[in-house]
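Q: after the sequence you'll find the predicted model.
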Amino acid sequence: MPLPGWPGSDSRAKTRPDPPPYRTPASIPPDVARRRLLAALACLPLARGGSEAWAADAAIHMLVGYGAGGGADHIARLLADSLTGDGVLTLVENRPGAAGQVALNEVVRAGPQRQTLLLGTVGSVSISPLLPNPNAQAGSAPGMASRAAGGAPRVDGGAVALPGAPGGPRVPPALQPIAVVASTPHVLLIGGDGARFGSGDAIAALRARLAQARQQPGELAYASLGIHSSAHLVGELMCHEAGVTMTHIPYPGSARALIDLQGGHVTMLVSTLQASLPLMRQGRVRALAVTGRTRSPLAPATPTFAEAGIDGMWQDAWYGVLAAPSVTRAQCAALSRRFQRLLLDAALQRRLGQDGAEPLGLTGARAIDYLDRQREIWRQAVALVSHRIA
């Protein structure tokens, strides 16, 4: 479903550029119009570089909803390095917890005096608004777009608890997409030496574990990157499609989960390929299957779930940059232009690809279209497993 109120969400944006943000009605006196034009031209040097619409001498704070060392954290630090190298000091701050909602909530509450961005993920932005919210206020519609005062476009990104009212009413915050940076498949991992672990071995091992789960419902466990994270939903989709029941063990991110998988504290882990690929290449973990209709070119020896007889497993994770509601439309446009330019950099694209992420570099209408499609993909997934994750 298109996101109303955001430039590029209608069909016209696909065929011609967005209209200028400001128009001069014919009724405005010529001298007033001239003064406004001169004021706009005076601002051009600030907007030309991208994020100079924000204070050029202040740092950007990029919040990540997962722990240091994980996949989302690594993407954020790649972006921070690029922004800093482009003349905008950018600091990464980790706020793990609640499948990214802790960081999201802080960004939503950020005032204009602090230049704050969110490294958004599929779990906090695409999935959370789709989950049942018994405390939602009547008439609210999480996951929909709206317009704040002044007509600035907003995209809701999950419910946020009202300050001072733990467990009380919740309202949908309005996040503003700046760029969709990259996507990556999910992967099912087990511990052990993966140096000589081929596709046939992976399919046999996955089928054996599913057979064990059928014989012993609930006895087998898998870990994920947090309750209601995309990895959690992928794990439950696997169980749904295979007709089995497993116990879910949530972690606050991939870094600690991968350590425990290597140490034998958990036997299976659903993670992202981007977070897991270094250990896979080193042979320190074994990959049983990846999501997707075809194998990932970054892990060509790892079969898809479909090859093991489990259909419907093609959901990717994504990483993007979103701004707080307090950021103006002009500032968002300047940030989008800067990210659009930075994400075309071949070195950054190469680093993303080496880490298991597919560079996307989407801004404006293309970013909104992508987020629309992702919301529908995950809406279908939530409908299938909502009884398992309640």
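A: That came in fine, so what should we check first?

Q: my guess is residue 117 is in a helix, correct?
A: No: with DSSP: H, G, I helix; E, B strand; the rest coil as the criterion, residue 117 is located in strand rather than a helix.

Q: identify the residues contacting the spatially closest residue to it that is not a sequence neighbour.
A: For residue 117, ignoring the flanking residues on the chain, the nearest one in space by CB to CB, 6 or more residues apart in numbering is residue 62 at 4.9 Å. (C-beta placed from N, C-alpha, C; glycine too.) The contact partners of residue 62, by CB atoms under 8 Å, 6 or more residues apart in numbering, come to 76, 79, 80, 90, 91, 92, 93, 116, 117, 118, 119, 321.

Q: how far off centre is the helix or strand hosting residue 62?
A: For residue 62, the element it lies in under DSSP states H and E is strand 60-64. Distance of strand 60-64 from its chain centroid, counting by CA atoms, centre = their mean, to the nearest Å, is 14 Å.

Q: how about the CA coordinates for it, as PDB?
A: As requested, the backbone C-alpha atoms of strand 60-64 are provided in PDB (Å, rounded to 0.1, in the frame of the first residue of the first chain):
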ATOM      1  CA  ILE A  60      25.600  13.700  13.700                       C
ATOM      2  CA  HIS A  61      24.500  11.000  16.200                       C
ATOM      3  CA  MET A  62      23.600   7.800  14.400                       C
ATOM      4  CA  LEU A  63      21.700   5.400  16.800                       C
ATOM      5  CA  VAL A  64      21.700   1.700  16.400                       C
END
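
Q: relative to it, what are the paired strands and their orientations?
A: Partners of strand 60-64 in the sheet, by DSSP bridges, are strand 90-94 (parallel), strand 116-121 (parallel).

Q: relative to residue 203, how far out is the residue nearest to residue 357 when sequence neighbours are not counted?
A: Closest residue in space to residue 357, ignoring its immediate chain neighbours: residue 182 at 3.9 Å, by CB to CB, 6+ apart. Computed as CB to CB, to the nearest Å, the residue 182 to residue 203 distance reads 28 Å.

Q: more neighbours, the two?
A: residue 182 (27 against 18; other CB atoms under 10 Å).

Q: is it fair to say the residue nearest to residue 357 lies in a strand?
A: Yes: going by three-state DSSP, the assignment for residue 182 places it inside a strand.

Q: any idea what it is bridged to?
A: With DSSP bridges applied, the residues forming beta bridges to residue 182 are residue 319, residue 359.

Q: doesn't residue 317 make contact with it?
A: No: with contact defined as CB atoms under 8 Å, residue 182 does not reach residue 317; the gap is 9.3 Å.

Q: and residue 201, how many residues sit next to it?
A: Using other CB under 10 Å, the number of residues around residue 201 comes to 15.

Q: contacting residues around it?
A: Residue 201 makes contact with residue 286 under the criterion CB under 8 Å, 6+ apart.

Q: can you tell me how far it is from residue 318?
A: Computed as CB to CB, the residue 201 to residue 318 distance reads 30 Å.

Q: and stretch 295-307, which residues are buried?
A: The neighbour-count criterion (16 or more other CB atoms under 10 Å) identifies 295, 296, 298, 299, 302, 303, 304, 305, 306 as the buried residues of stretch 295-307.

Q: what does it rub up against?
A: For stretch 295-307, contacts defined as CB under 8 Å, 6+ apart pick out 185, 187-188, 197-199, 202-203, 238, 241, 273, 277, 280, 287-294, 311, 313, 353, 356.

Q: those in strands, which ones?
A: Taking DSSP state E as the definition of strands, the contacts of stretch 295-307 contribute 185, 187, 188, 287, 288, 289, 290.
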